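Visitor: Predicted model and sequence below, questions to follow.
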Amino acid sequence: MTFRKVIDISPPLKEGMVTYPGDVEFEATPLCTIERSGCNMARLHLGTHTGSHIDAPLHFLAEGASIDEIPLERFIGPAQVIEIKGKEISSKEIGEGLEEGMKRVIFKTANSSLMEREEFSREYVYLTEEGAEFLVERGVELVGIDYLSIERFGTSSFSVHKRLFSAGICVLEGLNLKGVNPGRYLLVALPLRLVGLDGSPVRAVLIEE
């Protein structure tokens with residue numbers, strides 16, 4: 001297989017980067033230096049939902065699968081990037097562009113410009129409950145979005161996450177799709193093998209075939 005181009009859609013992990021309110025802020029603390037110890041080594045302080053990351057069903061479902069229990073095939077394969085122009089993602093916008101049988105869907109919205117800011121914005125494009133139901137009905141297995149949550153800010157029910165997770169759909173959040181054209185790609189977004197945990201940071205890339 002010959003790849004035309006690899007597109008990094010993960011934001012840089014660095015101190016001061018945008019985080020969801022209440023989440024862990026990223027820190028990198030030197031443990032060893034070449035001058036002192038002969039090598040460089042750092043201790044990382046981050047959460048399971050730092051930067052680009054996968055939400056496993058366990059994130060909101062007590063009996064949901066943890067990140068290490070999800071087959072890796074879910075995170076590698078054909079994916080479709082759909083551009084959303086409005087302020088929310090509903091079945092109408094999804095249905096107008098979604099290819100039949102597509103299992104991995106990534107939404108490119110105005111959020112990508114927000115990922116480059118240090119301050120969190122509560123006004124971001126989100127997936128509606130009706131849009132989530134549509135994805136379930138279409139048999140989607142992974143859905144991605146270009147901000148730190150796929151759900152409207154301030155919701156107390158987390159109904160969108162729960163509906164997706166109850167259908168076994170994984171959620172890929174925190175992407176930066178600025179400069180990415182809508183269309184079909186090969187997605188690679190492998191989580192760490194964190195036993196029994198609710199999610200994991202990933203290095204997500206789209207590959208033009």
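Guide: Happy to help now that I have it.
Visitor: Now find how far off-centre the helix-or-strand element of the chain with minimal mean pLDDT is within its chain.
Guide: The weakest-scoring helix or strand in the chain, judged by mean pLDDT, DSSP states H and E, is helix 91-97 (a mean of 92). Relative to its chain's centre, helix 91-97 lies at 20 Å (CA atoms, centre = their mean, to the nearest Å).
Visitor: Skip ahead from it and say which helix or strand is next.
Guide: Going down the chain from helix 91-97, the next helix or strand is strand 104-108, by DSSP states H and E.
Visitor: circling back: can you list the buried residues in the least confident helix or strand of the chain?
Guide: For helix 91-97, a neighbour-count test (16 or more other CB atoms under 10 Å) marks S91, E93, I94, G97 as buried. All C-beta atoms are positioned from the backbone trio N, CA, C, and that covers glycine.
Visitor: any idea which of those is closest to R4?
Guide: Set against R4, the nearest of the buried residues of helix 91-97 by CB to CB is G97 (21.8 Å).
Visitor: Quick check: bridge partners of the residue lying closest to that closest one once chain neighbours are set aside?
Guide: Of all residues not flanking G97 in the chain, I82 sits nearest, at 4.6 Å (CB to CB, 6 or more residues apart in numbering). In this structure, I82 bridges to F107 when assessed by DSSP bridges.
Visitor: Hmm, T109 and I82 touching each other?
Guide: No: counting by CB atoms under 8 Å, I82 stays clear of T109, with 9.5 Å between them.
Visitor: who's more crowded, those two?
Guide: T109 (24 against 19; other CB atoms under 10 Å).
Visitor: in this protein, which segments are predicted with low confidence?
Guide: Applying pLDDT under 70 to the chain flags the ranges 1, 3.
Visitor: how about the helices in it?
Guide: 34-37, 91-97, 129-137, 159-166 (DSSP state H).
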